[in-house]
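Asker: Sequence and predicted model, in that order:
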Amino acid sequence: MGKATGFLEFNRELPKAKNARERIRDYKEIYLEFGEKKTLEQAARCMDCGVPFCHNGCPLGNIIPEFNDAVYNEDWEKAYQILISTNNFPEFTGRICPAPCESSCVLGINKPPVTIEHIEKTIIEKAYELGFVKPHIPAKRTGKKVAIVGSGPAGLAAASQMNKAGHWVTVYERDDRIGGLLRYGIPDFKLEKWVLDRRINLMMEAGIVFKTNAEVGKNVNAHELMAEYDALILCSGATVPRDLPIPGRELKGIYFAMEFLTQQNKRVAGDKFMRKDEIFATDKHVIVIGGGDTGSDCVGTSNRHGAKSITQLELLPKPPDNRDSSNPWPQWPMILRTSSSHEEGCERQWSILTKEFISDNKGHVKGLKLVDIEWTVDKKTGKSEFKEVPGTERVLPCDLALLSIGFVHTEHDTVVGQLDIEVNDRGNVVDQNYQTNNEKVFTAGDMRRGQSLVVWAIAEGREAARSADMFLMGEKSLLEARDQSLWELA
């Protein structure tokens, strides 16, 4: 490595965030500038560890020690080429990935791990600044036409890879703007949309066609696409939300998290809504049900709206502050995580069972009845189970309830239903090496693996493209992500 003793000399350091009271006044990304010299020091912390477990932690197989070394030596073009060989969109993952690579960092065994995500973001932003990022226009075209259904991270990755292989690519998106989850599911304070637009413009310059307000299986006939295109890659995501069927669910003021987040992202983009349709947390007692990242995004958005109070509820027990013996390195650490949104203001409660939404007698929610629960493990089955704690039932004030308890599967009444694509008992699309029961139709991302991470969606989009390219051409013009990276670096 560039500095073999760097991990002994430098401590882990990340960009600081703007003051919480200041940053909730707008929807800009929250982090302050971080000097380039500091980033070089962070890259120097990467050890010559022999077996880089960070590779295993990254779904994309990013070649992390090599790009860290290039950064330390200030060879930004080399660092960019290494990074882009496995990751189509490091400007996204460098902002919103939970960085499983860092959890697998060898240095993390007994010291804070390398700041891989920050280094990744710095590389791609430096590459844009220095003019290294250009549209990838194929030297020749195969004449094959491919339709991508869905423009989220999986769809964009599949489109990028298929275009690199020389196929003519058209992306169909049901919303009025491109980006899917990246556009409407991630708040601007985590991912400003100029970052997304910058990449989409490059993809358009490379020859990829985007069609919006085009929902395949609804206002676009899937059978007509089958006749027009040589292959379809379905990347429609897992968009059916998990509901909470308790008494009072029908009351006004109860929404799925994505309804709330999508509307706010559209509002930031300049869209207008009918007053009766607007969802605001302003001056309301907000309860977010669900303790994951989407729930955290609801907390951050509610803070920016000026909520009177925000409470986030989680069914599961409170995680420990540190790994326990049952969760050793290099596994993903099941520990307590506090997001920047939580730091802005939020009460968090764990081991909570929601019982009933309480009405104000005018059809609107005014409270949520809940109870504490205790978790135990059944000695015979090994399964976790819970029981209510007597005497803990209570009602919290609630003017706005946001359900953030995950997604069950992809929608079945659109392209999946129209083309009779097979799904499993969980409702996810069934595939064999990303190919569905229809040999011309491939799939990637959350609609085949279930709700997951953006980094996994990008990885799956790449692999689905490789499989579809093999089907179209009968040979591997797109190598596997890991092999392709090594080949391009040779």
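Answerer: In hand now; what should we look at?
Asker: what's next to the lengthiest strand in the chain, contact-wise?
Answerer: The longest strand of the chain (DSSP state E) is strand 365-377. Strand 365-377 has contacts (CB atoms under 8 Å, 6 or more residues apart in numbering) with 248, 251-254, 287, 313, 315-317, 351-360, 383-389, 392-401. (Glycine included, C-beta is placed from N, CA and C.)
Asker: need the contact list for residue 268.
Answerer: 27, 188, 193.
Asker: Can you tell me the strand partners of the longest strand of the chain and which way each runs?
Answerer: strand 352-359 (antiparallel), strand 384-388 (antiparallel), strand 394-397 (antiparallel) (DSSP bridges).
Asker: Those strands: which one's closest to residue 81?
Answerer: When those are compared by CB to CB, strand 384-388 sits nearest residue 81, at 46.6 Å.
Asker: Can I get the closest one as PDB, trimmed to CA atoms?
Answerer: Extracted as PDB, the C-alpha positions of strand 384-388 are listed here (Å, rounded to 0.1, in the frame of the first residue of the first chain):
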ATOM      1  CA  SER A 384     -38.400 -15.700  18.800                       C
ATOM      2  CA  GLU A 385     -41.800 -14.900  20.200                       C
ATOM      3  CA  PHE A 386     -43.200 -12.000  22.300                       C
ATOM      4  CA  LYS A 387     -45.900 -11.400  24.900                       C
ATOM      5  CA  GLU A 388     -47.500  -8.200  26.100                       C
END
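Asker: wait, doesn't residue 128 sit right on residue 198?
Answerer: Yes: counting by CB atoms under 8 Å, residue 128 touches residue 198, with 7.4 Å between them.
Asker: can you list residues touching both of these two?
Answerer: Common neighbours of residue 128 and residue 198 (CB under 8 Å, 6+ apart) are residue 91.
Asker: The nearest residue to residue 252 once chain neighbours are set aside and residue 288: what is the separation?
Answerer: Leaving out its chain neighbours, the residue that sits closest to residue 252 by CB to CB, 6 or more residues apart in numbering is residue 364, at 4.5 Å. According to CB to CB, to the nearest Å, residue 364 and residue 288 sit 18 Å apart.
Asker: more neighbours, residue 128 and residue 198?
Answerer: Ranked by neighbour count (other CB atoms under 10 Å), residue 128 and residue 198 place residue 128 first, with 15 against 12.
Asker: measure residue 114 to residue 376 for me?
Answerer: Noted for residue 114: a distance of 39 Å to residue 376, by CB to CB.
Asker: go on, residue 69?
Answerer: Distance of residue 69 to residue 376, computed by CB to CB: 49 Å.
Asker: Settle it for me: which of these two has more neighbours?
Answerer: Between residue 69 and residue 376, residue 69 has the larger neighbour count (other CB under 10 Å), namely 20 against 10.
Asker: On the C-terminal side of the helix or strand harbouring that one, identify the next helix or strand.
Answerer: Assigned by DSSP states H and E, residue 69 belongs to helix 64-72. Remark: after helix 64-72, the chain's next helix or strand is helix 76-84, criterion DSSP H and E.
Asker: residues of that next one that come out buried?
Answerer: For helix 76-84, a neighbour-count test (16 or more other CB atoms under 10 Å) marks 76, 78-84 as buried.
Asker: again, but for stretch 461-481
Answerer: Residues of stretch 461-481 classed as buried: 461-472, 478, 481 (neighbour count, 16+ other CB under 10 Å).
Asker: Same check on stretch 122-134?
Answerer: Residues of stretch 122-134 classed as buried by neighbour count (16+ other CB under 10 Å): 122-124, 126-127, 132-133.
Asker: Just send the residues you listed back as CSV, with distance to residue 47, pLDDT and secondary structure too.
Answerer: Shown next, in CSV, are the buried residues of stretch 122-134 (distance: CB to CB, whole Å; pLDDT from 0 to 100; DSSP: H, G, I helix; E, B strand; the rest coil):
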residue, distance to residue 47, pLDDT, secondary structure
122, 19, 98, helix
123, 19, 98, helix
124, 23, 98, helix
126, 23, 98, helix
127, 25, 98, helix
132, 27, 98, coil
133, 29, 98, coil
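Asker: List just the nearest of those residues to residue 101.
Answerer: Closest approach to residue 101 among the buried residues of stretch 122-134 (CB to CB): residue 123, at 13.9 Å.
Asker: Return the distance of the closest one relative to residue 76.
Answerer: For residue 123 relative to residue 76 (CB to CB), the value is 7 Å.
Asker: Tell me which residues touch residue 301, please.
Answerer: Contacts of residue 301 were listed using CB under 8 Å, 6+ apart, and they are 187, 260-261, 264, 281.
Asker: could you redo the last one with a cut-off of 6 Å?
Answerer: The contact partners of residue 301, taken as CB atoms under 6 Å, 6 or more residues apart in numbering, are 187, 264.
Asker: That one belongs to a helix?
Answerer: Yes: going by DSSP: H, G, I helix; E, B strand; the rest coil, the assignment for residue 301 places it inside a helix.
Asker: Look up how far residue 24 lies from it.
Answerer: From residue 301 to residue 24 the distance is 10 Å (CB to CB).
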